[in-house]
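# Build the 3D model from these lines:
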Amino acid sequence: MSFKYLQKAGKFLCIGRNYMAHIEELKNSVPTEPFFFLKPSSAVLKPGEGPILVPKGVVVHHEVELACIIGKKLQNLDPETFGPKDALEAIDGYALAIDFTARNIQDAAKKKGLPWTIGKGFDTFLPLSPFISKSQIEDPYAVELNLKVNEEHRQHDLTNLMIFPIHKFISKMSSIMTLYPGDVILTGTPKGVGAVNPGDKVEVWLKHKDQLVEESHMKFDVEQKPGPYEFKG
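Have a look, this model is predicted:
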């Protein structure tokens, strides 16, 4: 299992609100164009490195996602000419990711018009699988995302439900900031997000055309985050 791709990961970009049912379950507005946020490298958690950490006073939600790993420099792409085939050629491979969100912190930030950085950036808030080759995922829209908490199957949907396809948000991103080989893009989460608490066990995996991709299968314990931080609202 290889995590060499993380050595080149200059940034972790996450598409927001890219599945309609997820937008509806959180009662958010539907975006008219792709938007994204960043997560820090310190949030990355590899399998076997330890538990997912829940900060004190924080409601933490899981969001399972397919991640694309960029394979070449992309800058100022023309959205009219950059198509699905171009996007696949620009991707080096894939990974399975969980974008954890401190939901009550995020909600408080939204009400005040503040950035989401704290709500997305805690340590362990970005579990990532080993590298998954394009030979294992020939069609990124034929991927089944799965997440369980304590054997409860909470998230189970196909990536063909994305609102904005990969070539659309890659071209949009490239017009704002240059994408470099190794950059990781999370493509959004389907419905079924929910809370995790200390003592829980989280399991994720993906299938491609009904075949399990072994590298994607991960299990994590959930524990209380040590340290002085506590959210008091």
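
# List the buried residues for the one helix or strand in the chain whose mean pLDDT sits lowest?
Least confident helix or strand of the chain, by mean pLDDT, DSSP states H and E, is helix 20-25 with a mean of 80. Buried residues in helix 20-25, counted by 16 or more other CB atoms under 10 Å: H22, I23. From N, CA and C alone the C-beta is placed, and that goes for glycine too.

# what do you get for stretch 60-75?
Those would be 60-71, 74, for stretch 60-75 by 16+ other CB under 10 Å.

# and the least confident helix or strand of the chain, what does it pack onto?
Contact partners of helix 20-25 among helices and strands, from 3 or more CB pairs under 8 Å, 6 or more residues apart in numbering; DSSP states H and E: none.

# next structured bit after that helix?
Downstream of helix 20-25, the next assigned helix or strand under DSSP states H and E is strand 36-39.

# Would you mind pulling the contact partners of that next one?
Here strand 36-39 makes contact (CB atoms under 8 Å, 6 or more residues apart in numbering) with 11-16, 99, 116-117, 120-121, 125-126, 169, 173, 185-186.

# Buried subset of these as a ChimeraX selection?
Filtering these down to the buried ones (16+ other CB under 10 Å) takes a single ChimeraX command:
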select :11,12,13,14,15,16,99,116,120,121,125,126,169,173,185,186
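
# Of the contacts of strand 36-39, which belong to strands?
Cross-referencing the contacts of strand 36-39 against strands under DSSP state E gives F12, L13, C14, I15, L126, I185, L186.

# Include pLDDT and distance to K56 when you put those into JSON lines, please.
Listed next are these as JSON lines, based on pLDDT from 0 to 100; distance: CB to CB, whole Å:
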{"residue": "F12", "pLDDT": "98", "distance to K56": "25"}
{"residue": "L13", "pLDDT": "98", "distance to K56": "29"}
{"residue": "C14", "pLDDT": "97", "distance to K56": "24"}
{"residue": "I15", "pLDDT": "94", "distance to K56": "29"}
{"residue": "L126", "pLDDT": "98", "distance to K56": "20"}
{"residue": "I185", "pLDDT": "98", "distance to K56": "31"}
{"residue": "L186", "pLDDT": "98", "distance to K56": "26"}
